[in-house]
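Kindly return the folded structure for what I paste below:
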Amino acid sequence: MDQVNARALVEATIAEIPAAEPLAIDDARTVVTDDWWVFRYDTLAAIESGDVSDSLVGAAPIVVDRRTGDVLLAPSWKPFDEFLAELQPGGPNLAW
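So this is what the prediction gives:
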């Protein structure tokens, strides 16, 4: 798995999210760690304008495991750092 393929998986995932406006990956906010690619997405209008009033409410990051290629949609109801900590070996069970 490389970042290009991970990005393609995320594009396919956000294409399935119902939204009134077109959604896109905000490449400027993509984070790469040793274990994950973290992709943030928003409305295309918000990405292009930078105007928070164009943003999609509750758009939690999408995480791709660099080893397995698993795609995980982070919950919008919990701090993202807490979510990532749960993904580490020995972390809590993720079967919500």
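
Only C-alpha atoms from now on, for both contacts and neighbour counts.
Will do.

ok, now how distant is the residue nearest the centre of the chain from I47?
In the chain, the residue lying closest to the centroid (CA atoms, centre = their mean) is I62, at 1.8 Å. To I47, I62 is 16 Å away according to CA to CA, to the nearest Å.

just L87 next, same as before
From L87 across to I47, the span is 28 Å (CA to CA).

And the two? Which one has more around it.
For the pair L87 and I47, the greater number of neighbours falls to I47 (19 against 15), based on other CA atoms under 10 Å.

Quick check: pLDDT value at that one.
What the model reports as pLDDT for I47 is 94.

Hmm, it is touching D26, no?
Yes. In this structure, I47 is within contact of D26 by CA atoms under 8 Å, at 6.3 Å.

Roughly how far does the spatially closest residue to Q3 that is not a sequence neighbour sit from I17?
Nearest residue to Q3, sequence neighbours excluded (CA to CA, 6 or more residues apart in numbering): W37, at 7.3 Å. Remark: distance between W37 and I17 (CA to CA) = 19 Å.

Neighbour count: these two, which is higher?
W37 (22 against 10).

secondary structure class for that one?
Under the three-state scheme (DSSP: H, G, I helix; E, B strand; the rest coil), W37 adopts strand.

Could you pull up the residues touching it?
Taking CA atoms under 8 Å, 6 or more residues apart in numbering, we find W37 in contact with 3, 6, 30-31, 63-66.

are any of those buried, and which?
Listed as buried from the contacts of W37 are 6, 30, 63-66; burial here means 16 or more other CA atoms under 10 Å.

Go through these and flag which are in strands.
63-65 (DSSP state E).

Which neighbouring elements make contact with the longest helix along the chain?
If you go by DSSP state H, the chain has its longest helix at helix 3-15. Here helix 3-15 touches strand 23-25, strand 36-39, strand 62-65, going by 3 or more CA pairs under 8 Å, 6 or more residues apart in numbering; DSSP states H and E.
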